[in-house]
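Engineer: Have a look; sequence and predicted model below, questions after that.
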Amino acid sequence: MRVSTLNRFNFFVGNMNSSLADLMELNLKASSQKNINRPSDDPVGMARVLEHRDTIASLEQFERNVDTAKGWLGLADAKLTRVNEILSRVRALAEQAATGTIGGDNREQISYEARQLYEEMIVLANTEYEGKYIFSGHKTDQQAFERSLWVTDNDGSVSGSDFSIAGDNERTALVQFTASGTVGTDAISYRYSLDGGKTFQTGNIPATPGDKTITLGGAQLTIPAGTSVSQVDTSQDTSNGNGTWLWLRATAEYKGDDDDTVTVDTFGPSNLGTSANGLFTQNVTVRMDNTTTLGGASVEYSYSLDGGATWVTGQTTDGSADPNNLTLVVPGGTVQLSDSGGGNAITEGDQFVVRPNTAAIYAEISPGEKVQINNIGKDIFGGTYQQPGDANPSLASGLSSSENLFDSIGRLVGYLETNNQQGIQEALGDFEPVSERIMDNAARIGGAENRLEVAQSVLDSMQLNEMERLSSVEDADITELMTQLSNQQIIYETVLRSSSMVMRMSLANFM
Amino acid sequence: MPGINSILDLGRNALFASTSAIEVTSNNISNVNTPGYARQAVRLEDGISIDYRPGQIGTGVKAKEVFRYFNEFVEEQFTGKNATQFRWEATYENLRSIDSLFNESQEGGINAAIAQFWQDWQDLSSHPELKASREALMGNTQSLISSIHVAEQDMRRLQNQMDEFIAQDVETINDLISQIADVNQQIQSHDVPGENNANQLRDKRVSLVRQLSEKLDVDYIDNGGGDFTVQTKAGHTLVHGVETFEVKFEAAKTSQSLVPGSTFDGDIYFEGSDDFEYTVEVVSGGPVQNGAGAAEFRVSLDGGQTWMKNDDGSEKHFAARPDEGMLQVGDVKLYFGSKSDPNVDPAGTLSVGDSFTVVPKKGLYWYKTTSTPLNITPQVYANGADNERRLTGGTLAGYFSFRDQHIGRYRDKLDATAKALIFEVNRLHSQGMGEQNFTTATGTYSVDSTTNALASNSSGLPFASRLQNGNIQLYVYDQSNGSLITSDDLDFGGGANFDASAHSLQDVVDAINNTFPGQVTASIANGRLKMDAAAGTEFAFGTDTAGLAAALGVNTFFEGEDARTLEVNANVKSDLDLIATGHVNGAGEVNSGDNEVALSIAQLADKNVAISTSTEGTTMTTIAKYFNGLVAAVGGDTSSAKFNFEYNKTLAKDLDERQQETAGVNLDEEMGNLVKFQHSYTAAAKLITAADRMMQTLLGLKN
């Protein structure tokens, strides 16, 4: 091989450059301590690094969500425990007042304490976390409960009617009708007491048609027309079987949000009747995929949980059992389609939107796993509730009257304030189921808190794991790097030494 | 006849030969570092011998010619390899800019901003009532948008830079072409093979061809002397002897190729620009007009190797003009008709096989004659192979492939990322509600025609293809107390649902007005949907199975349609209460603690969504993973460009060294030659002296 002079110098320069470039690359790795300093260093590794980072970021977010959820649930748990303590005290008071050995004065004294405890219950039910009411469902900006009045009677005549109450009183008002008759038809006289039966005032319901409002101190009770009441013998002290007695006594009205009802909207010209049953937590959209009838042997449909952005297709059901009713199974429950007089035809493209009342606030604690962090006050504490669309409040649905904390405690206070030993005894019986309900809810919340604990420890270990994997892809092995670095240094120095040696050589030196 | 005279003659010839050899050696030594210089030598020949006693006697030495050492075989290989090396060098050097643009190895890139965006929605879902959560989301969204904008702008800037580089290169190429032709002419007049070699001119021509091979891939055919042809690898002649041809870098243009018998007498026009060439091929003949019987065509973005597909994988066919107006195909709008009016029916009918090429970008053209340009813009097929009939080497191929195939693809992917982000978030957001109802709402997307079906290719809506058949639920409230007055889905006549392939924006407007008379008034403003509540009322949006709100841009979080136009909806930006966190629930209420929509948007982080580009079709993946794929693609392209560059550089360097082995000057060798010829010069001089002495001796005999 012939070597030209230019060749020789190009060769030296090239070698020096390439070994210096290698040295600089190692130096960069040493200073960043990372194997991957730009995407081209390791394209696949880079994508993995980014994905690990995304995962770590979302794990951190989930941990934050767990913290938030713990705050909500821990507070709810503590408050429910406190409610139970108060309940025990109320029970003790009720038991004391239910005995015949104490007199009216003692009952009055007890009634003051009981009313304080009732007030305290309302305060507890209106607990806030970070400025949000935790027992109000989605209406976190509204107090869960407001103090209000309710009617108890001895014969069910008024309490069973669609009465309404406005205003408020310090203490329970006792009403006795002094004439029998029907509201809106007969003139009815009554007397009422605002001080527990010590003194009475009288009033009259005129015989004009329509609902009638009677004023009892600061409160107004509207009794619907057609309500029949009977005369009380005011010389008798017993309440049962002796005409119509009314207690306008304390309760609490739920102002939050419920998740009791489900609305189904029809998109398109379909005339089918619709309803939905189940535990829907979000809107579900159903689309009919073939033209058939409710009795069709193969009814095809799809559903979507994100408002139609993506569809779960290929659902079929056999409707031939009943030509007029069809049940479609969707996540959360079922949708019923029925012939409501407009025929039983199903047209391809008909859509139905299941729109539940929603009240639960969820926090995502791991991908796809959600935990409810708030509570629906009326399902725990009861009270009264005016459903959207209703004219007047009614006793909270979904729980029996004996489980209804605010109703039970309100009745007790009402009887205590009107010195009604028999009523107190009756009310006492409710505290067992009320207390159980509170305990059940506390246990449910405690269970959710345990889930959070588990989720947190899982998140912690996942995060650690992800960090390790990220590190194994991204971080440089220092020992290896340092060895390579000193090796490369030796190479570079050798190149310099040998180049300078050869470069000096020339025939001219010897001539 | 031997004699003193012939010795003198012989000595003179030897002196002359040595002098010329020393002169050539000196020239070699002087040019030791001159690029492109091939070492030369004098070819010595012994003179003719004369028959005489005691036998044949030579007549000395003859300096026959000065020739250069040069390996033609190696040079030819080198020219090809050099073009490949320069192509990859240009690609690699430029990709390094993109590599650092998408360098997410340090935190704080687009990936981190996307992750932060989802986290902010999570935080908002934990605190939907907190103003600070909304502010944080808005602030971080702005940084996400600006980091996407920066990446997009930088890529466009690099593309413009490539245009400048290409223009400079094209100028250089045309200059080199004419220089080579000049040199050819000079060689023609000076070169006499075997006697008068035009060594320097040949060296010059070699270095000109080498310079040319840095710019584009060339082959040359040397038929001796000035008969020297240079052409591209694909066979486009650049120099033929003294004849030159021209390449030009020209603006976007279209061309057509009709099958024999086609009666079509019109042309294809386009609006917009893209980094890919659109090949339009008619698959069913017919006139260009609205309605049945119209021609249909298919479109390829890689010169007919692969054709655009529908989402279900079947080949996508476009009607020549399904509706009034232009046809959105990929990133450009196509139309037949006349340049100024897309609704003019061109004469004649299209036949199967008629094809049109739309090059909606600046391209490279080779001019065979002054009037027939031939497109030689480098093109890469979907499988990554080069189109061999175009340029495939040199910096030009590097610049073009960087501009079109690399940045073009990255921009497509970044656009697809932005598109997915915009639509998926908007789709959920538009079905939710913030802290206040609307008294007025205006869409952000406008239609080209208010009477074309919204989902058609000529509606002008960027997200037209995402519309579905379905409906949207609207709620009307009393403004004074917030109570629900009515709620209903839109009535498109007889209670019908929205039909994406039939109903136009005008139909949507009519449906709103029919469904909510006296409550909500819809109208069209600048091609956008505008909704106004009657005095004392306000409205809210509910379930939208058609995707109408998202496609028309009402009650959305983002506006814009790609990476460049991505912005937060201006209404939302000015009123953070409009960020939807909750929804209208079964009771017709929007409650402040409702976080359903915020949570479902946050969950998009892990949701696989359909993301599509016109070149690569549709993939189902999460938005972040898709973007990570882009980063990996940039890294992969850069590292493979680096590998190709280094590999080809080594090969080219090796060939260059082999040429140097032959043509390069070695000083030691020249030094040796110098001594050698110096000695022969001395010896020749001695010959003269000897002859002189002999002559003196001879003349001295007379005395």
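Structural biologist: On my side now, so go ahead. Numbering: from 1, shown residues only, chains lettered A, B, ... in the order given.
Engineer: Distance-wise, check the residue in chain B that chain A sits nearest to relative to A:Val13.
Structural biologist: At 2.4 Å from chain A, B:Gly664 is the closest residue in chain B, using CB to the nearest CB. Bear in mind the C-beta positions are built from the backbone N, C-alpha and C, glycine included. Relative to A:Val13, B:Gly664 is positioned 15 Å away (CB to CB, to the nearest Å).
Engineer: With neighbour numbers in mind, choose between these two.
Structural biologist: B:Gly664 (24 against 11; other CB atoms under 10 Å in any protein chain shown).
Engineer: per-residue pLDDT, that one?
Structural biologist: Here the pLDDT value assigned to B:Gly664 is 92.
Engineer: OK, contacts around it?
Structural biologist: A:Arg2, A:Ser4, A:Thr5, A:Leu6, A:Asn7, B:Arg39 (CB atoms under 8 Å, 6 or more residues apart in numbering or on different chains).
Engineer: quick one on the thing from earlier: skip the chain neighbours and tell me the closest residue to the residue of chain B closest to chain A.
Structural biologist: Spatially, and ignoring its direct neighbours in sequence, B:Gly664 is nearest to A:Ser4 (2.4 Å; CB to CB, 6 or more residues apart in numbering or on different chains).
Engineer: Tell me how many other residues crowd that neighbour.
Structural biologist: 21.
Engineer: now swap in A:Ser230 and tell me
Structural biologist: Neighbours around A:Ser230, by other CB under 10 Å: 14.
Engineer: Might one say that it is in contact with A:Thr178?
Structural biologist: No - using CB atoms under 8 Å, A:Ser230 makes no contact with A:Thr178, being 10.5 Å away.
Engineer: Which residue ranges of the chain form helices?
Structural biologist: As the question left the chain open, I've gone with chain A. Under the criterion DSSP state H, chain A contains helices at A:5-32, A:43-98, A:104-125, A:377-381, A:405-417, A:421-428, A:431-474, A:478-503.
Engineer: Chain B is the one I meant
Structural biologist: B:4-30, B:72-101, B:110-126, B:131-190, B:199-215, B:394-400, B:408-429, B:505-515, B:548-552, B:570-574, B:596-602, B:623-663, B:667-700.
Engineer: any chance of those in TSV, plus mean neighbour count?
Structural biologist: As requested, the helices of chain B are arranged in TSV below (neighbours: other CB atoms under 10 Å in any protein chain shown):
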stretch	mean neighbour count
helix B:4-30	18
helix B:72-101	22
helix B:110-126	24
helix B:131-190	17
helix B:199-215	21
helix B:394-400	28
helix B:408-429	24
helix B:505-515	19
helix B:548-552	27
helix B:570-574	15
helix B:596-602	26
helix B:623-663	21
helix B:667-700	15
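Engineer: Those residues of the stretch 201-350 of chain A touching chain B, which are they?
Structural biologist: Neighbours of chain B within the stretch 201-350 of chain A, by CB under 8 Å from any CB of the partner chain: A:257-258, A:261-263, A:265-270, A:282-283, A:285, A:287, A:304, A:306-309, A:349-350.
Engineer: If we go by neighbour counts, what in stretch A:71-83 is buried?
Structural biologist: For stretch A:71-83, burial by neighbour count (16 or more other CB atoms under 10 Å in any protein chain shown) applies to A:Trp72, A:Leu73, A:Leu75, A:Ala76, A:Asp77, A:Lys79, A:Leu80, A:Val83.
Engineer: measure the second one to chain B for me?
Structural biologist: Computed with CB to the nearest CB, to the nearest Å, the distance linking A:Leu73 and chain B is 13 Å.
Engineer: wouldn't that residue be in contact with A:Glu449 here?
Structural biologist: Yes - the criterion here is CB under 8 Å, and A:Leu73 meets it with A:Glu449 at 5.0 Å.
Engineer: Between those two, which contacts overlap?
Structural biologist: By CB under 8 Å, 6+ apart, no residue touches both A:Leu73 and A:Glu449.
Engineer: in chain B, which segments are predicted with low confidence?
Structural biologist: Applying pLDDT under 70 to chain B flags residues B:1-2, B:105-107, B:291, B:322-324, B:703.
Engineer: per-residue confidence for A:Ala98?
Structural biologist: As predicted, A:Ala98 sits at a pLDDT of 88.
Engineer: quick one: contacts for it?
Structural biologist: For A:Ala98, the contacting residues are A:Gln421, A:Ile424, A:Gln425, A:Leu428, by CB under 8 Å, 6+ apart.
Engineer: Please tell me how far it sits from A:Gly429.
Structural biologist: Distance check for A:Ala98 against A:Gly429: by CB to CB, it reads 10 Å.
Engineer: ok, now B:Asn648?
Structural biologist: 95 Å.
Engineer: Repeat that for B:Leu701.
Structural biologist: Taking CB to CB as the measure, B:Leu701 and A:Gly429 are separated by 170 Å.
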